[in-house]
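> here is my input; please provide its structure:
(2 chains, ligands or ions: 2)
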Amino acid sequence: MNDLVHVTMTVNGTEVSHSIAPRITLADFLRQTLELTGTHAGCEMGVCGACLVILDGRVVHSCLTFAVQASGAAIETVEGLSERTAIADLQEAFHQRNALQCGFCTPGMLMTAHALLSQPGVPSREEIRDALSGNYCRCTGYEAIVDAIEKVARDRDAGVIAQASEEVSA
Amino acid sequence: MSVLTPLDRPNSYIGRSVPRPNAKRLLAGRGRYVTDITLPRMLHVAYVRSPYAHARILSIDTQTAREMPGVRLIATGEDLAKLCTPWVGTMDHFKGMKSPPQLPLPVDKVVWSGQAVVAVVADTRALAEDAAEAVYIAFDELPAVVDIDAARAPDAPVISPELGSNLCFHGKIDTGGVEDVFAGAAHVVEEEFHFGRHTAVTMEPRAIIADYDASEGQLTVHHATQTPYQFQDIYARHYGLPESRVRVIAPDIGGSFGMKLHMYHEDMAVIGLSMMLGRPVKYVADRIESFVSDIHARDHRVRARMAADAEGNILAMDVEDVTGIGAFSAYPRTSVVEGNQVYRLMGAPYTFRNYRADLQVVFQNKVQMSQYRAVGHPVACTVTERLVDMIADKTAQDVFDIRSRNMIADDAYPCTSPTGYQFEALSHHACLARLKAMMGYERLRAEQAELRTKGIHRGIGIATFVEITNPGPAFYGVGGARISSQDGAIVKITPSGDVHCSISVTELGQGTETIIGQIVAEHLGVDSNRIKVMTGDTDTTPHGGATYACRGAGIGGETALQAAKKLKANVLAVAAAILQDEPEKLDIHSGWIVDAATAQQRMELSEIARIAYFRSDTLPPGTQAQLSVAHHYAPQGYPFAFTNGVQACHLELDVETGLVKILKLWVVEDCGRVINPLLVDEQIRGGVVQGLGAAFFEECVYGDNGQLTNGSLADYLVPMAVEMPDIEIGHVETPTLDTQLGAKGVGEAGTAAASAAALNAMNDAMKPFGGTVAQVPMTPARILKALGHI
Ligand code: FES
Ligand code: FES
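Ligands and ions are numbered 1, 2, ... in the order given. Alright, predicted model coming up:
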């Protein structure tokens, strides 16, 4: 159990390399080893969505992924998306609409929203609510989150905000 | 010419939808929660927990565990009892209340399944968990007291024999004459209600790091709590430390809702573990631990009757509430407050004067039940509002009409409820009228009738509520609990003319820092972006009650307002000395000292600050500029600022499956002066969703032997986006005259009445079938049972 294994991966564009215990989850690796605390853990069983990250272009639960499974992969967390301003319009809409209170669910919400809006078309409110059904928020009434995502979807569609299209699937 | 509103004045921020500056940090993933904090040489604790709901501890064998990798300390109840004095969760003003003494970890027996028994401290949490598995505890299982009736039975095993029975508290209210009123009433309705246990499920679980430095005798605690001063007091008193040597820091908090203001055994143990080791020790509950050790809420069985005359005028209520609180009363706020608010808030919106109630608070072998968002409100509101609907049925009146007939008139204030609550000014009729218009009531009823003919069954339910906010010292202080009803603010001007404000009310995501910034900016006369607000650190902020019972805006905001005015007077005195003018002739606008009459700019605030801090030699002799003020405010006047409102729920019931689609919620709320509508509305919506969770999904389910059977987020249902409707909100504003600010609380309003509105809507939908429900959560199985399908 305590024999260490070596993992190498690209996290937010930077290659990282560490020796870790094989039982370390990707969530713990990001949070504890790399001190990237933007990714949160709420349930550690794949239901709350607080821990969502992008792994090779797909949104995955980092609490259900072992760090060794992610070896060789490219990972992006909320910090990375923030720094390269990929979700700046979403963050601004969340801010203006007060689509967060304690902010603990928020990185996961942004990941889901980012993945949803990377698909073609403008999702309806029902589709947004449906897409968010793997993200628990205990503070808001969800409505502000739906409003914020809906606004960005419409703005992007109208070309108000030029956004390099990138494919991210849920 | 345009009409000027108060919002057109310079620096007018109160009443504006200002986004929260601190939210940007959270959106960038730069929140700093206790779960994120790592200290040098920090260790981690895992607890060995009891598998039994009730058992004697025969022996504890830690030999194997001690030798496992990374283990630094294994501590038992006896070890911690040497350092920590016991606590008892009672308050004097609940006459006859009793509860057993508690210690961080039990010494001889366990009283609920999941109770922490042994602490294992190791280099990492994983290593601590490995070693915890190797601790062997021999238990002698005792009969578990689970059901509230079983707990009260004469031959029931007594959980704490020294108390003599399983009754924690017995309360009675009787205005007299109730029997006679019921005997002579034209209509009497009666129901037995069941309210399940549910729990807070904060997305960030409980988290704490205790760091004891023996060289200075200093204890620093990073604690995910809403009430840091309360814990400073508790840690100092129970561990025998000077209060000035105990610092509690509450950084970003990932959800709280009342759950993070109670004393938890594991948290108390962490303090002792750090003292034993002289190193920082961190405890973060995992989700299963949260389910078995966070406080649970509600758990009531209420039998209630309501009497009315032939026209449907309510004459009296008669209520019997039994509530189960676990094996002891929570500390330091006690577990009686919930039941106390249930039986005092019954019937609060209505005019009747005859009321009788009996409250029994009983011990059982479950985790503690205590204060959670909208303490007691949903229970009182659901019982009252369902009975009112039943009277409406009996007298063939519309649910709006029966309420307007019986609600206290908007011009009848001040007045007192039969239970002794003093209402300064409520607005039930205005809110009801507003709601009816907002929801398009007549159209909904017509649509409902038409859809019924097609086999589509929709229900419309409304619920009126009264919420307790801005509690004064009568809430906890009179009972002897060291919980403050006052708050403090320190506001200072920096040498460059910026404003720094540290306050005792805490930020939990509801926007405290933002509204305090708005209030200070407006009353001091500066731009809000020049204000920094600090919260949540007992070393750097003044003492105060912090955030509980909806007091952040009403009490914390008033404190900041008064502090800002005091500081402004100081600034103007210095400015007058420099400008050779009268202070009364000056004012501050947007960081400039201006001529009060003409608004002409005279001198920048930053210039005053520069002179005061760096060139005091140029001030007139005898001038000592006071550009920092400390100010405290405690509520006076009314013991509480009651708010009111009304909610409506529209839902569709599938009578074949018992599944429900919640179509829409409407809320009209009167919280007095609204400081930031954007934040207020989202608070209400969040509260509504928690109320709907209680109504339809959330329940801590126990087996007969006292085991929690759904302790994970896969088994315990919390409301998700896809199940929640859009929620429309309207406001009526009746400011309290007790404060200059006029704000009352709003954080619990959403939760207070959502389940009541939902229950009434469900019964409305079921009307064609003759079944009724009087139990929450209204699960599909319970609905099908009510419909007679199973
Ligand atoms: S922590 Fe991964 S889904 Fe909840
Ligand atoms: S903002 Fe607190 S959990 Fe979503």
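
> near ligand 1, which residues of the stretch 351-500 of chain B?
Contacts of the stretch 351-500 of chain B with ligand 1, taken as Cβ under 6 Å from any ligand atom, are absent. For the C-beta atoms, the positions are set from N, CA and C on the backbone; glycine is no exception.

> pLDDT averaged over the helix of greatest length in chain B - what is it?
In chain B, with assignment by DSSP state H, the single longest helix is helix B:558-579. When the per-residue pLDDT values of helix B:558-579 are averaged, the result is 97.

> so which elements touch it?
Packing contacts for helix B:558-579, counted by 3 or more Cβ pairs under 8 Å, 6 or more residues apart in numbering or on different chains; DSSP states H and E, involve strand B:487-493, strand B:499-503, helix B:512-524, strand B:586-589, strand B:592-595, strand B:601-604, helix B:605-614, strand B:628-633.

> pull out the buried residues from that helix.
In terms of neighbour count (16 or more other Cβ atoms under 10 Å in any protein chain shown), helix B:558-579 has its buried residues at B:558-568, B:570-572, B:574-579.

> who's in contact with the helix or strand of chain B with the lowest mean pLDDT?
For chain B, counting by mean pLDDT, DSSP states H and E, helix B:148-152 ranks last in confidence among helices and strands (a mean of 93). Under the criterion Cβ atoms under 8 Å, 6 or more residues apart in numbering or on different chains, residues B:145, B:156, B:166-167, B:299, B:301, B:322-324, B:360, B:362-364 lie in contact with helix B:148-152.

> hmm, try it at 6 Å
B:145, B:156, B:166, B:322, B:324, B:362, B:364 (Cβ atoms under 6 Å, 6 or more residues apart in numbering or on different chains).

> can I get that helix in PDB? Just the C-alpha atoms.
Below are the C-alpha coordinates for helix B:148-152, written out as PDB (Å, rounded to 0.1, in the frame of the first residue of the first chain):
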ATOM      1  CA  ILE B 148     -40.100   8.900  20.500                       C
ATOM      2  CA  ASP B 149     -43.100   7.000  21.900                       C
ATOM      3  CA  ALA B 150     -41.000   4.100  23.000                       C
ATOM      4  CA  ALA B 151     -38.600   6.600  24.600                       C
ATOM      5  CA  ARG B 152     -41.500   8.000  26.700                       C
END
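
> in the helix or strand following it, which residues are buried?
Elements were assigned by DSSP states H and E; along the chain past helix B:148-152, the next helix or strand is strand B:167-174. Burial within strand B:167-174, assessed by neighbour count using 16+ other Cβ under 10 Å, is assigned to B:167-169, B:171, B:173.

> same question for stretch B:451-459.
B:457-459.

> switch the helices and strands packed on helix B:558-579 over to a markdown table; also include mean pLDDT, mean neighbour count and distance to ligand 2.
Output for those, formatted as a markdown table (pLDDT from 0 to 100; neighbours: other Cβ atoms under 10 Å in any protein chain shown; distance: least, Cβ to the nearest ligand atom, whole Å):
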| stretch | mean pLDDT | mean neighbour count | distance to ligand 2 |
| --- | --- | --- | --- |
| strand B:487-493 | 97 | 25 | 24 |
| strand B:499-503 | 98 | 23 | 21 |
| helix B:512-524 | 96 | 26 | 15 |
| strand B:586-589 | 96 | 20 | 36 |
| strand B:592-595 | 96 | 20 | 38 |
| strand B:601-604 | 96 | 15 | 39 |
| helix B:605-614 | 97 | 18 | 36 |
| strand B:628-633 | 97 | 17 | 29 |
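
> how far away is the spatially most central residue of chain A from A:A153?
Centre of chain A computed as the mean C-alpha position; nearest residue by Cα atoms, centre = their mean is A:M111, 2.9 Å away. For A:M111, the distance to A:A153 equals 16 Å [Cβ to Cβ, to the nearest Å].

> tell me what the lengthiest helix in chain A is packed against?
As far as residue count goes, and with DSSP H defining each element, the longest helix of chain A is helix A:143-157. Under the contact criterion of 3 or more Cβ pairs under 6 Å, 6 or more residues apart in numbering or on different chains; DSSP states H and E, the helices and strands touching helix A:143-157 comprise helix A:88-97, helix A:106-117, helix A:125-131.

> list phi and psi for residue 57.
Just going to use chain A. The phi and psi values for A:G57, taken as degrees, to the nearest 10, are phi 90, psi 0.

> what does B:C649 give?
According to degrees, to the nearest 10, the main-chain angles of B:C649 amount to phi -120, psi 140.

> returning to that earlier point: which of the helices and strands packed on helix A:143-157 is buried the deepest?
Of all these, helix A:106-117 carries the top mean neighbour count, a mean of 26, counting by mean count of other Cβ atoms under 10 Å in any protein chain shown.

> list the buried ones in stretch B:80-92?
Using 16+ other Cβ under 10 Å as the burial criterion, the residues of stretch B:80-92 that qualify are B:80-81, B:83-84, B:87-91.

> ok, is stretch A:91-109 in contact with ligand 2 or not?
Yes. Judged by Cβ under 6 Å from any ligand atom, stretch A:91-109 comes into contact with ligand 2 at A:100-106.

> circling back to that earlier point, the longest helix of chain B to strand B:628-633, inter-axis angle?
For helix B:558-579 and strand B:628-633, the angle between their directions (axes from the mean of the first three to the mean of the last three Cα atoms, to 10 degrees) works out to 150 degrees.

> could you dump helix B:558-579 to CSV, C-alpha only?
As requested, C-alpha coordinates have been extracted for helix B:558-579 and formatted as CSV (Å, rounded to 0.1, in the frame of the first residue of the first chain):
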residue,chain,number,x,y,z
GLU,B,558,-26.9,48.5,12.1
THR,B,559,-23.6,48.3,14.0
ALA,B,560,-21.7,49.2,10.9
LEU,B,561,-24.0,52.1,10.1
GLN,B,562,-23.6,53.6,13.6
ALA,B,563,-19.8,53.1,13.4
ALA,B,564,-19.7,54.8,10.0
LYS,B,565,-21.6,57.8,11.3
LYS,B,566,-19.3,58.0,14.3
LEU,B,567,-16.3,58.0,12.1
LYS,B,568,-17.8,60.5,9.8
ALA,B,569,-18.3,62.9,12.7
ASN,B,570,-14.6,62.5,13.6
VAL,B,571,-13.5,63.1,10.1
LEU,B,572,-15.6,66.2,9.8
ALA,B,573,-14.2,67.5,13.1
VAL,B,574,-10.7,67.3,11.8
ALA,B,575,-11.7,68.7,8.4
ALA,B,576,-13.4,71.7,10.2
ALA,B,577,-10.2,72.3,12.1
ILE,B,578,-8.2,72.3,8.9
LEU,B,579,-10.7,74.3,6.8
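
> for chain A, which residues are neighbours of ligand 2?
Counting by Cβ under 6 Å from any ligand atom, the positions of chain A adjacent to ligand 2 are A:100-106, A:137-140.

> go with 8 Å
Residues of chain A lying close to ligand 2 (Cβ under 8 Å from any ligand atom) are A:50, A:100-106, A:109, A:136-140.

> ok, B:P143 - how many residues close by?
Residues lying near B:P143 (other Cβ atoms under 10 Å in any protein chain shown) number 13.

> the residue of chain B at minimum distance from ligand 1: what's it in contact with?
With distances taken as Cβ to the nearest ligand atom, chain B approaches ligand 1 most closely at B:L713, which sits 7.1 Å away. B:L713 sits next to A:43, A:47-48, B:287 when contact means Cβ under 6 Å, 6+ apart.

> ok, now B:Q518?
Applying Cβ under 6 Å, 6+ apart, we find B:Q518 in contact with B:13-14, B:18.

> helix/strand/coil for the residue lying closest to it once chain neighbours are set aside?
On the basis of Cβ to Cβ, 6 or more residues apart in numbering or on different chains, the spatially nearest residue to B:Q518 that is not a chain neighbour turns out to be B:Y13, at 3.8 Å. On the three-state scheme (DSSP: H, G, I helix; E, B strand; the rest coil), B:Y13 is labelled coil.
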